[in-house]
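In: got a structure for you, letters missing:
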Ligand SMILES: C=C(O[C@H]1C=CC=C(C(=O)O)[C@@H]1O)C(=O)O
């Protein structure tokens, strides 16, 4: 484990432009990478100058308040002024209020970042002795071999998952909930000293439009932006409703059309959009969302997607908005409270940080948060636990939902292949 520390004193961060930092992943730790990358741009953290941990129902609100305080006390010299320069923390939060998994904000000692033509390094330290920051330059090391392993069903066999979905459909038809997301887990093992960056590289190449992330052992490639905040504007990409990609061009186009015209998927999607709009409205001067969803193409799946743009009405930070949004109907269901109760009752495992918010925040509260999907936890001993879920509504077919979860395991399964 990395050393943990809470900042005894205020933090000081200095960002300076550097020559092109092309292969950002080469700066990350092989064992404990801190990464947020999209199409080659983003930030990589090295070391830990502070780790804030939270648990329980208020974990997000507590994190938002703690970060506000820490950022207000920090001394930041940012000569770069790009999203991700200056003081940043990476965060990963548990899905459930009762989860045993700790939710964390990690402030790295060094950040290497890149956005288009601009590259930078940020050095962060505690400001207690008034020292000038003189840390050595970050070192790029070539990625190691990609670890190989095969995922196997863990807490539930495939048949048990099918039965779980059948139970969920019955509970929906009896009127208990309108939609519930049912997940399953799968496990594999890699050597403890495997280079996690090699898996991230594979995810980033196969899923360039997702956020490839790694925070505190959780890594993945999420297509779903919970909220991205920059200069008092926020955006979200809501996903719900999925189809496997077709084998050839004709099949693939037919899969997209079938998805775009499926009442079951459009209903499932509408619940997710409504839950996001409801959560964002109190913080918004204006909210814009397209009237009907578009089909988003990923390497493994088609998704129904809606982009939401928000003009913020107050000084809400990314974490304030995350606290308002989580859990959306894309990962919990609708109505939220009833769906969460059903998940706790039916799913025989702790989701940990799967389906929770993961991302980063800067000193101004700006940042990018996605829902931790298409992801796995890798323990220090090399045990991998991957997760995949599907939104269940009254018309769901249990076998199709099982097939959908298999497609959602593919990013992790393929990266390990
Ligand atoms: C719960 C997952 O996906 C969600 C996001 C997009 C589409 C979904 C669906 O079609 O069911 C899920 O709501 C997952 O990938 O584990």
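Out: Received the coordinates, thanks. Keep in mind that what you see is a predicted model, and the values were worked out from it rather than measured.

In: Would you map the helices across this protein?
Out: For the chain, helices defined by DSSP state H occupy the ranges 59-73, 158-173, 196-206, 249-260, 263-280, 318-325, 336-346, 398-415.

In: Going by neighbour count, which residues in the fifth one are buried?
Out: I take that to be helix 263-280. The neighbour-count check on helix 263-280 (16 or more other CB atoms under 10 Å) flags 264-273, 275-277, 279-280 as buried. To be clear about C-beta, it is placed using only N, CA and C from the backbone, and glycine gets the same treatment.

In: same check, this time on the last one
Out: Along helix 398-415, the positions that meet the burial threshold by neighbour count (16+ other CB under 10 Å) are 398, 401-402, 404-413, 415.

In: For the stretch 251-400 of the chain, what lies in contact range of the ligand?
Out: Within the stretch 251-400 of the chain, the positions lying close to the ligand (CB under 6 Å from any ligand atom) are 303, 330-331, 373-374, 388-391.

In: which two from the residues you listed end up farthest apart in space?
Out: 374 and 391 (14.9 Å; CB to CB).

In: Residue 20: neighbour count?
Out: 9 (other CB atoms under 10 Å).

In: In contact with it, which residues?
Out: 114, 117, 119 (CB atoms under 8 Å, 6 or more residues apart in numbering).

In: I'd say residue 284 and residue 314 touch.
Out: No: in this structure residue 284 lies outside contact range of residue 314 using CB atoms under 8 Å: 9.1 Å.

In: Which one's more surrounded, the two?
Out: In this view residue 284 and residue 314 are compared by other CB under 10 Å, and residue 284 has more residues nearby, 20 against 10.

In: so how many other residues sit close to the residue lying closest to the more buried one once chain neighbours are set aside?
Out: Among residues not flanking residue 284 along the chain, residue 310 sits closest, at 4.7 Å (CB to CB, 6 or more residues apart in numbering). As a burial measure, residue 310 scores 26 neighbours (other CB under 10 Å).

In: please renumber so the chain begins at 26
Out: Taking 26 as the first residue, the last one we looked at is residue 335.

In: and the gap between residue 335 and residue 341?
Out: 10 Å (CB to CB, to the nearest Å).

In: any shared contact partners between these two?
Out: With CB under 8 Å, 6+ apart, residue 335 and residue 341 have common neighbours 259, 308.

In: residues in contact with the residue positioned nearest the centre of the chain?
Out: Note on the chain: the residue nearest the mean C-alpha position is residue 397, at 3.2 Å, using CA atoms, centre = their mean. Applying CB under 8 Å, 6+ apart to residue 397 gives the contacts 117, 120, 238, 243, 245, 247, 378-383.

In: now for those residues, which pair is the farthest apart?
Out: Farthest pair in those, by CB to CB: 120 and 238, 15.3 Å.

In: So for those two, which residue has more residues nearby?
Out: residue 238 (29 against 26).

In: beta partners for that one?
Out: For residue 238, the beta-bridge partners are residue 61, residue 245 (DSSP bridges).

In: my read: it touches residue 60, true?
Out: Yes: with contact defined as CB under 8 Å, residue 238 and residue 60 form a contacting pair (6.0 Å).

In: what do those two both touch?
Out: Counting by CB under 8 Å, 6+ apart, the residues touching both residue 238 and residue 60 are residue 244.

In: Low-confidence ranges, the stretch 126-275 of the chain, go.
Out: 153-161 (pLDDT under 70).

In: 90 - rerun?
Out: Low-confidence segments of the stretch 126-275 of the chain (pLDDT under 90): 151-162.

In: JSON lines please, covering the buried residues of helix 423-440 and showing distance to residue 187 and pLDDT.
Out: JSON lines is the format used below for these (distance: CB to CB, whole Å; pLDDT from 0 to 100):
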{"residue": "423", "distance to residue 187": "4", "pLDDT": "98"}
{"residue": "426", "distance to residue 187": "8", "pLDDT": "97"}
{"residue": "427", "distance to residue 187": "5", "pLDDT": "98"}
{"residue": "429", "distance to residue 187": "12", "pLDDT": "96"}
{"residue": "430", "distance to residue 187": "10", "pLDDT": "98"}
{"residue": "431", "distance to residue 187": "12", "pLDDT": "97"}
{"residue": "432", "distance to residue 187": "16", "pLDDT": "97"}
{"residue": "433", "distance to residue 187": "16", "pLDDT": "97"}
{"residue": "434", "distance to residue 187": "15", "pLDDT": "98"}
{"residue": "435", "distance to residue 187": "19", "pLDDT": "97"}
{"residue": "436", "distance to residue 187": "22", "pLDDT": "98"}
{"residue": "437", "distance to residue 187": "21", "pLDDT": "98"}
{"residue": "438", "distance to residue 187": "19", "pLDDT": "98"}
{"residue": "440", "distance to residue 187": "26", "pLDDT": "98"}
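
In: now those residues as a markdown table including distance to residue 50?
Out: Output for these, formatted as a markdown table (distance: CB to CB, whole Å):
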| residue | distance to residue 50 |
| --- | --- |
| 423 | 39 |
| 426 | 34 |
| 427 | 33 |
| 429 | 30 |
| 430 | 28 |
| 431 | 28 |
| 432 | 26 |
| 433 | 24 |
| 434 | 23 |
| 435 | 21 |
| 436 | 16 |
| 437 | 17 |
| 438 | 20 |
| 440 | 13 |
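
In: between these, which is nearest the ligand?
Out: Lowest distance from the ligand to the buried residues of helix 423-440 (CB to the nearest ligand atom) belongs to residue 433, with 4.1 Å.

In: what's the closest non-adjacent residue to the closest one?
Out: That would be residue 413: by CB to CB, 6+ apart, it lies 3.7 Å from residue 433.

In: got it, and residue 414?
Out: residue 208 (3.2 Å).

In: List the residues that contact that neighbour.
Out: 368, 372, 376, 379-380, 412-415, 430.

In: now, which of these lie within strands?
Out: Secondary structure defined by DSSP state E assigns 412-415 of the contacts of residue 208 to strands.

In: top of those by neighbour count?
Out: Among the ones in strands among the contacts of residue 208, residue 412 has the most neighbours (other CB under 10 Å), with 28 neighbours.

In: May I have the beta-bridge partners of it?
Out: residue 210, residue 400.

In: and stretch 114-122, which residues are buried?
Out: Buried residues in stretch 114-122, counted by 16+ other CB under 10 Å: 114-121.
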